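Visitor: Could you look at this predicted model? Sequence included:
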Amino acid sequence: MSERLPPPFDRPDKGFNDLEGWTWVGTYGGYYLQCNALQSFEHGFFTRQWQGREPEELVGYVSAGVSVHRLKQVHSGTVLQASGAASSPWPEADGLASDQAGQSLWVAGADCTPALIADPASGRVAACHAGWRGVAARILETAIAQLEASGCQRADLQVALGPAVSGANYQVERCVSEQLGSIEALQAAGALQADPQPERDRLDIRLAARQQLIGAGLRREQIHLCPLCTVEQGELFHSWRRDQVKAVQWSGIVSQAA
C-alpha cells in the first residue's frame with residue numbers, strides 16, 4: 001500500500017476521503033473506490049489516475065486468477081452473459097451478467113454511471129454502463145432479470161451506482177427526460193431539476209436510475225449512490241461533458257459462483 005494518498009487525497013480530514021458508505025482502497029499501484037455494501041465482493045471503481053491501464057491489468061489490483069470480460073459499449077440496453085465477452089473483438093453491449101465463478105466484469109465511463117450489482121446470497125454479479133440511453137432502455141432491470149433467471153432473488157441484490165455526472169452539471173432536452181419515465185415522478189425523486197432554458201432539464205442520471213429500480217421492486221437501502229461528480233472532480237475523473245476528450249475510467253467486479 002502507498003505510504004500517502006496521491007493528490008487530492010493528501011488531507012485525510014478534507015476533500016474526497018470521507019465518503020459515507022464508500023472506501024478508498026490503497027495498493028502499490030494507486031487508489032480505487034469501493035462501495036461498502038459490496039465489501040464481500042472483489043470490486044473497484046477506478047479513477048483517471050489509472051489512465052492507460054486496461055482491465056487486463058487493473059484486474060490484478062482487485063483479484064487474482066480470474067478471467068476478464070468486457071464489451072464494446074454502444075449506449076444500449078443490451079446485457080450479455082459474461083462467457084460471451086471473453087476475448088477480442090469484444091461484443092457490442094453495455095451490460096454483463098456472470099455465468100461462472102471467477103469472472104471479472106468490466107465497464108467504462110466518462111460521465112455515464114458505472115453500475116455494479118452483486119448478490120451476496122449466490123455470489124453472482126452484473127456490471128452495466130448506464131447513461132441516459134441505457135436507463136431509458138432499462139438496462140439495470142434487464143441485468144437484474146438475467147440474475148434472477150440464474151437463481152438470484154431480487155430482494156438480496158445490492159446495487160452500487162458509481163461516480164457520474166451530477167444533475168447540476170448535466171443539461172438535457174426535455175425530450176430526453178421524457179424517455180426516462182414520468183416527468184412528475186422524476187421530479188419527485190429529485191432526478192430532474194429546473195433549467196433556465198426552455199424545454200431543458202438538469203438530469204441526475206443516478207437518481208433517475210434509483211427511481212427506476214425502486215419502481216422495479218428494489219428497496220432504497222439496496223441502492224447505493226456515490227456522491228462524486230465526474231465533471232466537478234476533474235483531478236479524479238475523465239469527463240466527456242467537461243473536456244470533450246475520449247478518455248474513460250474503468251469499474252469492475254468479480255463473481256464468486258456460477
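Guide: Alright, I've got the coordinates. The structure presented is a predicted model; accordingly, all values stated were derived computationally and were not measured.
Visitor: State the distance from Pro196 to Leu225.
Guide: Distance of Pro196 to Leu225, given as CB to CB, to the nearest Å: 26 Å. Backbone N, C-alpha and C define where each C-beta goes, glycine included.
Visitor: who has more neighbours, these two?
Guide: Leu225 (20 against 7; other CB atoms under 10 Å).
Visitor: Contacts only, for His69.
Guide: Counting by CB atoms under 8 Å, 6 or more residues apart in numbering, His69 touches 82-83, 85-86, 96, 103-106.
Visitor: One more pass at 7 Å, please.
Guide: Applying CB atoms under 7 Å, 6 or more residues apart in numbering, one finds that His69 lies in contact with 82, 85-86, 96, 103-106.
Visitor: what does Glu148 give?
Guide: Arg154 are the contacts of Glu148 under CB under 7 Å, 6+ apart.
Visitor: now Glu173
Guide: 199-200.
Visitor: List the buried residues of stretch 99-112.
Guide: Judged by neighbour count using 16 or more other CB atoms under 10 Å, the buried positions of stretch 99-112 are 99-100, 103-112.
Visitor: For that stretch, list the C-alpha coordinates in PDB.
Guide: Extracted in PDB, the C-alpha atoms of stretch 99-112 (Å, rounded to 0.1, in the frame of the first residue of the first chain):
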ATOM      1  CA  ASP A  99     -22.500 -17.100 -15.500                       C
ATOM      2  CA  GLN A 100     -19.400 -18.700 -13.900                       C
ATOM      3  CA  ALA A 101     -17.300 -18.200 -10.800                       C
ATOM      4  CA  GLY A 102     -14.100 -16.200 -11.000                       C
ATOM      5  CA  GLN A 103     -15.300 -13.800 -13.800                       C
ATOM      6  CA  SER A 104     -14.300 -10.100 -13.600                       C
ATOM      7  CA  LEU A 105     -16.900  -7.900 -15.400                       C
ATOM      8  CA  TRP A 106     -15.800  -4.500 -16.600                       C
ATOM      9  CA  VAL A 107     -17.500  -1.400 -17.800                       C
ATOM     10  CA  ALA A 108     -16.000   2.000 -18.700                       C
ATOM     11  CA  GLY A 109     -17.500   5.500 -18.400                       C
ATOM     12  CA  ALA A 110     -16.700   9.200 -18.500                       C
ATOM     13  CA  ASP A 111     -20.000  10.800 -17.100                       C
ATOM     14  CA  CYS A 112     -22.300   7.800 -17.500                       C
END
